[in-house]
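>>> Fold the following.
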Amino acid sequence: MKKQAAILAILKQYITRDHKRLLEVGCGSGNDAVFLGKQFPALHWVTSDLKRNHKFIKERLKDHKLINVHGPEKLEVGKDDFPGRLMFDLVYTANTLHIMGWKTNKTFFKLLGKRLREGSLVFFYGPFNYNGEFSSDSNKELDASLKKNDPKSGIRSFEDVETNMIKSGFNLLNDHEMPEDNRLLVFERLQFSKY
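Here you go, the predicted structure:
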């Protein structure tokens with residue numbers, strides 16, 4: 001709850017009544033969709049994840065009966081496009097960049113650049129390294145554990161993420177410090193002619 005309350009406080013700084021549709025990439029258990037979606041009742045919150053995780057997510061969303069939270073839609077980065085080619089003005093993802101391989105991350109950034117319009121916002125929540133250094137011993141341990149299970153995974157470099165998002169047509173609006181050595185990066189889609 002502490003994590004979600006902290007995320008909510010940041011999202012409230014950016015999400016306005018003008019925003020209509022949010023895509024959550026890699027919604028996992030659906031906990032964020034349930035907690036955060038309830039706080040933005042006018043926002044069409046669309047969950048997505050790998051097909052194998054859909055049964056549990058459907059049950060979770062059904063239990064909470066939120067009329068503005070939908071899905072889950074199938075989205076495997078590198079294989080799938082945005083669901084139904086719907087237009088989204090917000091994308092939110094938590095604890096996914098360090099699970100996906102770096103090549104998949106770059107594919108994701110390019111997809112965001114292709115599918116989001118000028119002014120759309122992207123929120124990346126999770127741990128990041130800065131200047132090649134871990135921000136804490138716990139993040140160093142997490143990185144080792146991730147790589148033990150999948151050598152392609154691991155905590156991402158903030159500088160690499162920012163550089164590749166800029167290449168995809170985004171500008172970093174803010175890098176928010178969060179509890180438990182996490183961050184919440186906020187990017188905005190620029191005009192197509194600006195990159």
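
>>> Low-confidence ranges, the chain, go.
Within the chain, the segments meeting pLDDT under 70 span 1, 193-195.

>>> Tell me which helix or strand the residue nearest the centre of it sits in.
Among the residues of the chain, the one closest to the centroid is residue 93, at 1.5 Å (Cα atoms, centre = their mean). Per DSSP states H and E, residue 93 falls inside strand 90-94.

>>> What about residue 79, how many residues nearby?
Using other Cβ atoms under 10 Å, residue 79 has 10 neighbouring residues. For every residue, glycine as well, the C-beta is placed using N, CA and C.

>>> so is it in a helix, a strand, or just coil?
Following DSSP: H, G, I helix; E, B strand; the rest coil, we place residue 79 in the coil state.

>>> Kindly report the same for residue 119.
Once three-state DSSP is applied, residue 119 turns out coil.

>>> dump the residue contacts of it.
89, 188-189 (Cβ atoms under 8 Å, 6 or more residues apart in numbering).

>>> 10 Å - rerun?
Residues near residue 119 by Cβ atoms under 10 Å, 6 or more residues apart in numbering: 18-19, 89, 188-191.

>>> Serialize those to TSV and add fields for distance to residue 159 and neighbour count.
TSV is the format used below for the contacts of residue 119 (distance: Cβ to Cβ, whole Å; neighbours: other Cβ atoms under 10 Å):
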residue	distance to residue 159	neighbour count
18	31	7
19	28	18
89	27	20
188	18	18
189	20	24
190	19	17
191	24	10
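
>>> need those in TSV with distance to residue 132 and secondary structure, can you?
Converted to TSV, these look like this (distance: Cβ to Cβ, whole Å; DSSP: H, G, I helix; E, B strand; the rest coil):
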residue	distance to residue 132	secondary structure
18	39	coil
19	35	coil
89	34	coil
188	26	strand
189	28	strand
190	28	coil
191	33	coil
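
>>> Can you show me the helices along the protein?
2-14, 31-39, 54-64, 102-115, 137-149, 158-167 (DSSP state H).

>>> Now do the strand holding residue 93 and helix 102-115, the angle between them.
Angle, strand 90-94 to helix 102-115, by axes from the mean of the first three to the mean of the last three Cα atoms, to 10 degrees: 160 degrees.

>>> Using CSV, write out the CA atom coordinates for strand 90-94.
Provided in CSV are the C-alpha atoms of strand 90-94 (Å, rounded to 0.1, in the frame of the first residue of the first chain):
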residue,chain,number,x,y,z
LEU,A,90,-1.0,7.6,-21.0
VAL,A,91,1.1,4.5,-20.5
TYR,A,92,2.0,3.1,-17.1
THR,A,93,4.3,0.2,-16.3
ALA,A,94,5.7,-1.0,-13.0
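
>>> Lovely, talk soon.
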